[in-house]
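K.L.:
Everything below, folded, please.
(one chain, ligands or ions: 2)
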Amino acid sequence: MHAVASEQEILIEKLQNALDNESNAHLRYLEFAEKADGEGWHGVASLFRGVARAEEIHAANHRRILHQFEPDLHFVPARTEEGTTIENVRTALAAELCEVGSIYPTCADMARTAREVSMVRTFTWALAAEKTHARLFNEALALLEIEDEDAWITMVRDFYVCPVCGFTSEFEDEARICPSCFCSRSRFEAIR
Ligand SMILES: [Fe+2]
Ligand SMILES: [Fe+2]
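P.N.:
Ligands and ions are numbered 1, 2, ... in the order given. From the prediction side, this is the model:
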């Protein structure tokens with residue numbers, strides 16, 4: 001008979017899943033970026049690279065905490081199903097919405113109940129950043145659907161990523177501090 005998993009064991013498993021998801025998203029978005037460049041959607045490629053960087057930051061934040069509980073971490077990358085750029089943006093948007101709508105709110109609530117402060121922080125930072133990703137992918141999708149070649153989706157451009165929490169913005173200087181983790185905006189990385 002299996003013992004019932006403790007609250008902490010369930011949380012650790014959720015954190016491991018989140019780490020795998022973020023690591024895979026990082027790799028997948030870099031592949032999607034190459035595809036977008038090949039199709040001439042250079043702005044979408046920039047967006048994929050910016051978001052890929054944010055997911056890499058989430059993975060690092062999750063890994064740092066998980067490492068305290070699980071010293072031996074294994075990561076097997078999932079195979080990417082690649083489509084056209086518009087399909088890839090739909091895939092990305094669906095994944096971000098799933099994280100925003102259920103995965104991260106559930107994880108954050110569980111971590112709060114268990115008083116796992118560092119987990120609350122990494123989950124809520126990721127949640128806030130994924131909302132920015134969903135918004136940006138949603139905008140890209142709307143422009144791709146009408147094939148708006150005068151819009152930013154065709155042009156290489158900078159996206160600004162918080163190196164602490166992965167918050168992602170298309171604006172260089174909308175505020176002095178990151179609205180999510182409050183680090184100085186001057187630390188944001190410009191990714192194109
Ligand atoms: Fe994301
Ligand atoms: Fe931040």
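
K.L.:
next one: stretch 104-119 to chain centre, how far?
P.N.:
Centroid separation for stretch 104-119 versus its chain: 18 Å, with C-alpha atoms, centre = their mean, to the nearest Å.

K.L.:
So which bits of this protein are right by ligand 1?
P.N.:
96, 130, 133 (C-beta under 5 Å from the ion). Heads up, the C-betas are built off the backbone N, CA and C, glycines and all.

K.L.:
list the contacts for the last one?
P.N.:
Neighbouring residues of residue 133 by C-beta atoms under 8 Å, 6 or more residues apart in numbering: 51, 54, 92, 96, 168.

K.L.:
let's go with 6 Å and repeat that
P.N.:
When contacts are counted by C-beta atoms under 6 Å, 6 or more residues apart in numbering, residue 133 touches 51, 96.

K.L.:
Show me where the chain has its strands.
P.N.:
Assigned by DSSP state E, the chain shows strands spanning 159-161, 168-169, 189-191.

K.L.:
what's the distance between the nearest residue to residue 134 once chain neighbours are set aside and residue 71?
P.N.:
Distances taken as C-beta to C-beta, 6 or more residues apart in numbering place residue 96 nearest to residue 134, at 4.1 Å, with adjacent residues excluded. Noted for residue 96: a distance of 31 Å to residue 71, by C-beta to C-beta, to the nearest Å.

K.L.:
follow-up on the earlier one: pLDDT value on the residue nearest to residue 134, please?
P.N.:
With respect to pLDDT, residue 96 scores 98.

K.L.:
So it sits against residue 130, correct?
P.N.:
Yes. Between residue 96 and residue 130 there is a contact at 5.1 Å, judged by C-beta atoms under 6 Å.
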